[in-house]
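> Have a look; sequence and predicted model below, questions after that.
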Amino acid sequence: MHISTPAPHHPHSILCVVGARPNFMKMAPIMAALDNLEPALKVSLVHTGQHYDVTMNHQYFEALGIPQPDINLEVGSGSHAVQTADVMRRFEPALDVTQPSAVLVVGDVNSTLACALVAAKKGIPVIHVEAGLRSFDRAMPEEINRILTDQISDLLFITERSGRENLLREGIADSRIRFVGNVMIDTLRRNLERAVPVNKILKDAGKKMSVNGHDYAVLTLHRPSNVDDPNILRTLLETILKISTRLPVIFPMHPRTRAMTEKFGLSEMLNVPGLVQLPPMGYLEMLGLMKDARVVLTDSGGIQEETTALGVPCITLRNNTERPITVDEGTNTIAGQDPVKILAAFDEIMRSGGKAGRIPEYWDGQASVRIAAAIHAWLENGLRS
Ligand code: UD1
């Protein structure tokens with residue numbers, strides 16, 4: 001007779017937090033790697049509900065195989081104060097129920113800071129994945145979220161070496177910092193073969209246009225500094241229209257950007273043959289759009305990294321980046337909001353093909369495995385770093 005012995009119960013548990021779109025592709029490989037640890041660790045997931053639309057939310061869970069959240073706080077949209085405060089109020093009882101050994105947060109959105117703050121005040125250790133990035137621009141809400149989250153985190157995982165210098169300068173002990181690479185690139189590598197071809201995306205969206213090979217550009221815009229000011233948004237869109245006369249531009253629109261374009265009366269000007277508007281894309285669709293593009297124009301942080309990993313030229317429509325390695329080693333060019341600089345960067349890419357770049361250290365698809373191993377060692381060591 002075979003008597004099965006129960007699996008050894010691990011005394012530790014990790015509560016993971018996601019809130020907004022850029023969190024999902026980071027959390028997917030981390031949860032998978034934590035699940036593979038021996039002995040098993042109890043891992044649960046809280047979704048704050050910061051992003052809630054099907055296009056911004058549900059289709060990512062399905063495509064990336066993220067487990068259904070154990071708890072959804074359903075906070076929705078609001079001002080920074082309201083959104084952050086709502087997450088905090090609703091996260092506290094969730095912590096009381098789950099009583100985890102540590103809370104794991106990713107990235108730099110309002111949900112990241114809100115949950116880290118609640119945990120730290122309750123004496124629950126905080127793990128921050130994608131720590132140490134700095135744009136040195138405190139007008140960016142994410143920069144405030146980064147600085148504050150890092151200050152109250154116990155274990156900090158960095159994607160590039162510049163992160164360590166930034167953290168040390170802010171007084172964070174070196175013993176808390178681990179250089180593990182980039183979990184977003186884990187997700188990218190795992191899903192590259194499943195990426196949806198660009199012409200299928202256009203066809204499924206009911207567009208008549210199709211593109212030849214790499215002959216198209218992709219545009220994403222959503223930063224408040226680009227889309228909340230009518231003059232800045234108009235100037236950026238006029239610059240894009242110039243580009244669209246030379247190369248078709250595919251533009252999946254973030255809900256914030258669509259709302260602002262309508263509010264400022266700028267929707268009409270986008271109805272030109274060279275520009276294709278799409279709703280927000282799922283992960284595999286966005287990957288398909290990026291991987292074959294001649295150039296990607298964006299104000300997203302994650303897309304700067306993904307284009308570097310794909311070797312696709314990227315023009316960043318911001319005056320700074322918190323991800324300097326994408327410029328120093330990758331394919332990224334910072335062009336800001338100035339039409340002259342944007343068009344010059346575009347010309348250069350059309351002429352020369354753009355920066356070749358190389359894949360940064362540890363952007364090798366194994367970052368989440370390093371993170372899980374480091375968390376395991378840290379727990380075994382009594383949460384001492
Ligand atoms: C948030 C993050 C930003 C991240 C971006 C990616 C913060 C401070 N900002 O910005 O770092 O790059 O997500 O998308 O956390 N909306 C919808 N449906 C949704 C979600 C939002 O229509 O599912 C609309 C609402 O009008 C809302 C607006 O988008 O007011 C902004 O949403 P919010 O979550 O506040 O910030 P994002 O601009 O999405």
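That came through fine.
> in what helix or strand does Ile124 lie?
Assigned by DSSP states H and E, Ile124 belongs to neither a helix nor a strand.
> Now the stretch 251-385 of the chain against the ligand: closest residue?
Residue nearest to the ligand within the stretch 251-385 of the chain: Pro255 (3.2 Å; CB to the nearest ligand atom). Heads up, the C-betas are built off the backbone N, CA and C, glycines and all.
> low pLDDT regions in the stretch 1-150 of the chain?
Residue ranges of the stretch 1-150 of the chain with pLDDT under 70: 1-10.
> Residue numbers of it in contact with the ligand?
Counting by CB under 6 Å from any ligand atom, the stretch 1-150 of the chain comes close to the ligand at 20-22, 50-53, 56-57, 77, 83, 109-110, 141-142.
> Just the buried ones from these, in PyMOL syntax?
In PyMOL syntax, the buried subset of those is picked out as below (16 or more other CB atoms under 10 Å):
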select buried, resi 20+21+22+50+51+52+56+57+83+109+110+141+142
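> thinking again about what came up before, tell me how many other residues crowd the residue of the stretch 251-385 of the chain closest to the ligand.
Look at Pro255: counted by other CB atoms under 10 Å, it has 15 neighbours.
> got a list of what Leu104 touches?
Contacts for Leu104 (CB atoms under 8 Å, 6 or more residues apart in numbering) come out as Ile14, Leu15, Cys16, Val17, Ile30, Val126, Ile127, His128, Val129, Ile375.
> So which of these belong to helices?
Ile30, Ile375 (DSSP state H).
> The contacts of Leu104 in strands, which ones?
Members of those lying in strands (criterion: DSSP state E): Ile14, Leu15, Cys16, Val17, Val126, Ile127, His128, Val129.
> could you dump the contacts of Leu104 to a markdown table with neighbour count?
Supplementary listing: these in a markdown table, determined by neighbours: other CB atoms under 10 Å:
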| residue | neighbour count |
| --- | --- |
| Ile14 | 24 |
| Leu15 | 27 |
| Cys16 | 27 |
| Val17 | 30 |
| Ile30 | 26 |
| Val126 | 23 |
| Ile127 | 28 |
| His128 | 27 |
| Val129 | 28 |
| Ile375 | 26 |
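> how about the helices in the stretch 1-150 of the chain?
21-35, 59-64, 80-98, 110-121, 141-151 (DSSP state H, counting those that start in this stretch).
> now the ones you listed in JSON lines, with distance to Asn72?
Formatted as JSON lines, these follow (distance: least, CB to CB, whole Å):
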{"stretch": "helix 21-35", "distance to Asn72": "14"}
{"stretch": "helix 59-64", "distance to Asn72": "11"}
{"stretch": "helix 80-98", "distance to Asn72": "10"}
{"stretch": "helix 110-121", "distance to Asn72": "12"}
{"stretch": "helix 141-151", "distance to Asn72": "21"}
